[in-house]
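> Below are the sequence and a predicted model; questions follow.
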Amino acid sequence: MERKIVELEDEATKLKGQISQLDIELDSQQGEKNAKYEELLKRDREMQSFLENFETKKREAHDRNAALEKSIVDLLDRIRQSATKYESAVLPSPDTYKDLQGDLQFKEKELNNSQMTVGGLTIERDKRLRDLEKVNQLETKLNSELGHLKQKIVSIEAEMGKISNTEEVKKTAEETRQVFSRCVINSSSNSNS
């Protein structure tokens, strides 16, 4: 019997543990339910407040829209009146408009012609600049050759000066011949000895 009591006490302890566990789970579920319930209450209060204030806010929005519509209509009416006054004061008549259109087309054509002329002149200027550069290079080359030719002329004139004095050339030739002859005689007498 004691064993039975011990078994029953063990069984009671297990059951108490299970009851405690279930109480804890129940409390956690109850906490979640309380949080959800609080959230639902908060939403309910917001919806109730919205419903209570809906008519007032709707009326205020309607009044604002009506005021804005009236303001827009007034502004459009003023714009129409101003446009009518401006149209009659500033806009040209259809005939004047056609004349202005013709002038515009003529001026656009002249502008295109001017731009084409500027383009042609630019091309021509570039060509002339290239030609000028070639002329400058040629002039430099010619000046160099001219200096070289002048030096040759001076040299040729100096030689011609020597040649034009034929008496002196003959005398120089005779002296050279005599020196040469003496050298030959001396060399033959040296070879005989």
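Structure received. Note that the coordinates shown come from a computational prediction; the quantities given were computed from them, not determined experimentally.
> Mind naming the longest helix for the chain?
In the chain, with assignment by DSSP state H, the single longest helix is helix 2-90.
> And the average pLDDT for that one is what?
Summarised as a single mean, pLDDT over helix 2-90 is 82.
> chain center to it, what's the gap?
Mean-position distance between helix 2-90 and its chain equals 54 Å (CA atoms, centre = their mean, to the nearest Å).
> helix or strand right after it?
For helix 2-90, the following helix or strand on the C-terminal side (DSSP states H and E) is helix 94-164.
> what helices or strands is that following helix leaning on?
Contact analysis of helix 94-164 by 3 or more CB pairs under 8 Å, 6 or more residues apart in numbering; DSSP states H and E lists helix 166-192 as its packing neighbours. Placement of C-beta: from N, CA and C, glycine included.
> May I see the buried residues of the helix it packs on?
Buried residues in helix 166-192, counting neighbours by 16 or more other CB atoms under 10 Å, are absent.
> and the angle for that helix with helix 94-164?
Between helix 166-192 and helix 94-164, the angle comes out at 50 degrees (axes from the mean of the first three to the mean of the last three CA atoms, to 10 degrees).
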